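Student: A predicted structure for the sequence below; I have some questions about it.
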Amino acid sequence: MSFADIRARRQAKEARSYVESSPEPSTAGPPPVEAPPILPERGRSIYAKERLKRGGTIFSTKPHVYVLSTKNLEHLCSSCISPAPAAGLKRCTQCKSIWYCNATCQSNDWAFHKKECVAMQRWAAGAPSPDVAVPAEPIRCLGRVLWGRQKRKLGSNWTLEIDAMQSHRTSLPPEAVESHTHLAHAVIRYLGLTAPEELVPFGINSAAGIVDLISRFATNSITLTTPSLTPLGVCVSPSVALINHSCEPNAVVVFPRSTKDPTTQEPEGQVIAIRDISPGEEIFTSYIDTTLPRAQRQTVLSATYNFACQCTLCSRSPEPDPREALACPKDCGGARPFPSEEDPVTRCVKCKSAVASTDVVLDALRIGQDALQKATSLQFSDISKALQLTTNTIPILTSAKALPSSHPLLALTRLHQSLLLAAFPPDLTQDALDQVIRASSASVTGLRAVLPQGHPARALALAELGKLLAVDEPAPRPANTGGTSIFPPSGAARLRLACETLIRAREELMISFGERNGGGEVGCEVREMVVRLERELAVWGEGIRNVISTHIT
Ligand SMILES: C[S@@+](CC[C@H](N)C(=O)[O-])C[C@H]1O[C@@H](n2cnc3c(N)ncnc32)[C@H](O)[C@@H]1O
């Protein structure tokens, strides 16, 4: 397989989308979950009624409302969230901002777009510059929520389900009040209204009502993603919004894009068990990136979701937590926690040697955190500068003996990998390919230490590594110079490793993206690659046997 193939497939996958608003959530049969009495500490929640198997779909649902992010509008159908068909997408002739596969998709979306189209034209006419001519996605999504309420009336299930979602209006921190108020004004303007009192036809009877709606949106909306987790937009699904958070979740929400009729069924979100769940156990997903250390997770959860997490990982972190640990300086294979100003001497948990290297480590961590922030903000606007930052900073952290799973090293490594891919030379060199394989392998090592088997991010990272190993080598090393310890290996050893990695990736994808979906789009793609590689390896073996027999006879 050529690298261009890999990149083209990757880009095609990234361009693929979902999202749309459906009148009612479509669940695939009654979900084997139940809502018990409301818990004082975490509100509503859902529990398994029966034993749920790892890799099983707990329930599926089409979001009540969804919108694409502005940069995706012209690349994906706003109704079924598919990428452009061969004939290209068709643009709405009125607002000129929303695109569809065809007239069927346009008509499926018309219930919302009818009002949205007028609002978008009004917004564009009043925009101070072309770059803000399309309202940001929260404004467009909230517009759809309000038109949905207006259309379905107050007592409808649709509206009741939206209204039942958790709001934090009465306990918002001042920054959130300010940003919610700002958003409320933008939504009112988008709807063509002049004051909150004009929201009565939408079932909002007071200024508090609109802040409530915005708080519900902030607390309950989720990211709409491709089958490879690329963000596409935002959506609101009241059934998914019933699920509470844990930093050690037993389920995930994915959009595997596996329905038979994308036009009407997509985007379909599926809640999938990533480990066996016993009857009576609460279902948890994670709202945040759980590769982050505890303090950072708590900060995000408190700021965005208004609660202090007391999950198993937050209340009894492993000692040391691989997110905040260094390798033993004596290389005994053990690890020690990061030192701090207050606690400068830390001990290796295995050989118990004590080390005081506070300044070097703390400086490295500060440099790493700073570089991560800068490189993240530059990753699309200035790839080479971002790449320079990751290239220079990763060795500083590794020489301070930060574990590949520790923060910010893991985040920098993952960013470095994606920057290397984005900056790939048109003529692939062996060195450039090997470099990205090493970054990918370091990401996998880090992710495996902090995420459970079957976590989608871990499964996709393994698949990416397998695909990279399977790329045709531009200049394979001769067998006798290969050296078994050189990574990545060359020739047949590389192909074998690609095959093994893809097989492992497929096993994990079958968990994260669901067995009934064949591991989702990526799982199916990986399966095809394994079959092809096994054939190539057989041909390779055959060739070697022929050479040997020629020489022996
Ligand atoms: C998407 S909702 C989950 C369902 C929510 N419990 C309800 O009653 O609608 C998110 C909100 O639930 C609460 N929540 C979720 N997970 C929690 C947890 N582990 N501990 C405490 N509160 C939690 C927080 O108030 C959070 O803002």
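Tutor: Arrived safely, thanks for sending. Residues are numbered from 1 along each chain as shown.

Student: Provide a list of residues in contact with the most centrally placed residue in the chain.
Tutor: Nearest to the mean C-alpha position of the chain, by C-alpha atoms, centre = their mean, lies L229 at 4.1 Å. The contact partners of L229, by C-beta atoms under 8 Å, 6 or more residues apart in numbering, come to 254, 456-457, 460. (Glycine included, C-beta is placed from N, CA and C.)

Student: So it lies in a helix, does it not?
Tutor: No. Under DSSP: H, G, I helix; E, B strand; the rest coil, L229 falls outside any helix and is assigned coil.

Student: Next, work out how far apart it and the ligand are.
Tutor: 19 Å (C-beta to the nearest ligand atom, to the nearest Å).

Student: Can you read off the pLDDT for that residue?
Tutor: pLDDT, L229: 95.

Student: go on, I552?
Tutor: So I552 comes in at 47 (pLDDT).

Student: now do T484
Tutor: Here, the pLDDT recorded for T484 equals 60.

Student: which stretches of the stretch 101-250 of the chain aren't confidently modelled?
Tutor: For the stretch 101-250 of the chain, no stretch has pLDDT under 70.

Student: So which bits of it are right by the ligand?
Tutor: Listed as neighbours of the ligand in the stretch 101-250 of the chain under the rule C-beta under 6 Å from any ligand atom: 165-166, 219-220, 241-242, 244-246.

Student: Would you report the backbone torsion angles of the closest residue to the ligand within the chain?
Tutor: Nearest residue of the chain to the ligand (C-beta to the nearest ligand atom) works out as G43 at 2.7 Å. With angles defined as degrees, to the nearest 10, G43 sits at phi 70, psi -150.

Student: who touches it in this structure?
Tutor: G43 touches 166, 244, counting by C-beta under 8 Å, 6+ apart.

Student: Among the residues of the stretch 101-250 of the chain next to the ligand, which ones are in strands?
Tutor: If you go by DSSP state E, those have 244-245 in strands.

Student: export the residues of the stretch 101-250 of the chain next to the ligand to a markdown table and tack on neighbour count?
Tutor: Converted to a markdown table, these look like this (neighbours: other C-beta atoms under 10 Å):
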| residue | neighbour count |
| --- | --- |
| M165 | 21 |
| Q166 | 17 |
| T219 | 17 |
| N220 | 18 |
| A241 | 20 |
| L242 | 20 |
| N244 | 22 |
| H245 | 18 |
| S246 | 21 |
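
Student: mind putting the residues of the stretch 101-250 of the chain next to the ligand in TSV, distance to G269 included?
Tutor: Putting those into TSV (distance: C-beta to C-beta, whole Å) gives the following:
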residue	distance to G269
M165	15
Q166	18
T219	17
N220	13
A241	11
L242	13
N244	17
H245	16
S246	19
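
Student: how about P201, what does it touch?
Tutor: Residues counted as contacts of P201 (C-beta under 8 Å, 6+ apart) are Q150.

Student: Wait, a helix at it?
Tutor: Yes. Under three-state DSSP, P201 falls within a helix.

Student: Now do it against D261, distance only.
Tutor: Going from P201 to D261 by C-beta to C-beta, to the nearest Å gives 34 Å.

Student: now L469
Tutor: Distance check for L469 against D261: by C-beta to C-beta, it reads 36 Å.

Student: One more: A356?
Tutor: Distance of A356 to D261, computed by C-beta to C-beta: 64 Å.

Student: pLDDT score for P344?
Tutor: Looking at P344, the pLDDT reads 87.

Student: check contacts around it.
Tutor: With C-beta under 8 Å, 6+ apart, P344 has these contacts: 356, 358.

Student: Do you know the pLDDT at the residue of the chain closest to the ligand?
Tutor: 91.

Student: what mean pLDDT would you report for stretch 349-368?
Tutor: Averaged over stretch 349-368, pLDDT sits at 90.

Student: Quick check: phi and psi on L193?
Tutor: Phi and psi for L193, reported as degrees, to the nearest 10, are phi -100, psi 170.

Student: Disregarding residues adjacent in the polypeptide, which is nearest to it?
Tutor: Among residues not flanking L193 along the chain, L199 sits closest, at 6.8 Å (C-beta to C-beta, 6 or more residues apart in numbering).

Student: quick one: that neighbour and D212, what's the gap?
Tutor: 11 Å.

Student: mind checking the SS state of L232?
Tutor: Of the three states, L232 takes strand under three-state DSSP.

Student: Is it in contact with V67, as I believe?
Tutor: No. Using C-beta atoms under 8 Å, L232 is not in contact with V67, being 9.5 Å away.

Student: So these two - more neighbours on which side?
Tutor: Comparing L232 with V67 by other C-beta atoms under 10 Å, the one with more neighbours is V67, at 31 against 28.

Student: Contact partners for the more buried one?
Tutor: With C-beta under 8 Å, 6+ apart, V67 has these contacts: 19, 78, 137, 140-141, 144, 233-235.

Student: hang on, the earlier thing: could you dump the contacts of L229 to a markdown table with secondary structure and pLDDT?
Tutor: Shown next, in a markdown table, are the contacts of L229 (DSSP: H, G, I helix; E, B strand; the rest coil; pLDDT from 0 to 100):
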| residue | secondary structure | pLDDT |
| --- | --- | --- |
| V254 | strand | 97 |
| P456 | helix | 97 |
| A457 | helix | 97 |
| L460 | helix | 98 |
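
Student: Kindly tell me how buried A303 is, as a neighbour count.
Tutor: 11.

Student: The one 4 residues further on too?
Tutor: A total of 18 residues lie near F307 under the criterion other C-beta under 10 Å.

Student: Local confidence estimate at it?
Tutor: F307 is given a pLDDT of 95.

Student: helix, strand or coil for it?
Tutor: F307 ends up coil, using three-state DSSP.

Student: you'd agree it is up against R42?
Tutor: Yes. Contact criterion C-beta under 8 Å: F307 and R42 qualify, at 7.1 Å.

Student: Which secondary structure state is assigned to A87?
Tutor: Assignment for A87 (three-state DSSP): coil.

Student: and it, what is it in contact with?
Tutor: Taking C-beta under 8 Å, 6+ apart, we find A87 in contact with no residue.

Student: For it, give its distance to C101.
Tutor: According to C-beta to C-beta, A87 stands 9 Å off from C101.

Student: Check the gap between T299 and A463 for me.
Tutor: T299 is 31 Å from A463, by C-beta to C-beta.

Student: Looking at the two, which is more packed in?
Tutor: Between T299 and A463, counted using other C-beta under 10 Å, A463 has the larger neighbour count: 25 against 12.

Student: The more buried one: which element?
Tutor: A463 belongs to helix 456-469 when elements are defined using DSSP states H and E.

Student: Run the chain-centre distance for that helix.
Tutor: 14 Å (C-alpha atoms, centre = their mean, to the nearest Å).

Student: do stretch 496-516 as well
Tutor: Centroid separation for stretch 496-516 versus its chain: 18 Å, with C-alpha atoms, centre = their mean.

Student: For it, list every residue counted as buried.
Tutor: 496-499, 501-516 (16 or more other C-beta atoms under 10 Å).

Student: And stretch 185-198, by the same measure?
Tutor: For stretch 185-198, burial by neighbour count (16+ other C-beta under 10 Å) applies to 186-191, 196.

Student: Tabulate these in CSV, adding columns for secondary structure.
Tutor: Below are the buried residues of stretch 185-198 laid out as CSV (three-state DSSP):
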residue, secondary structure
A186, helix
V187, helix
I188, helix
R189, helix
Y190, helix
L191, coil
P196, helix
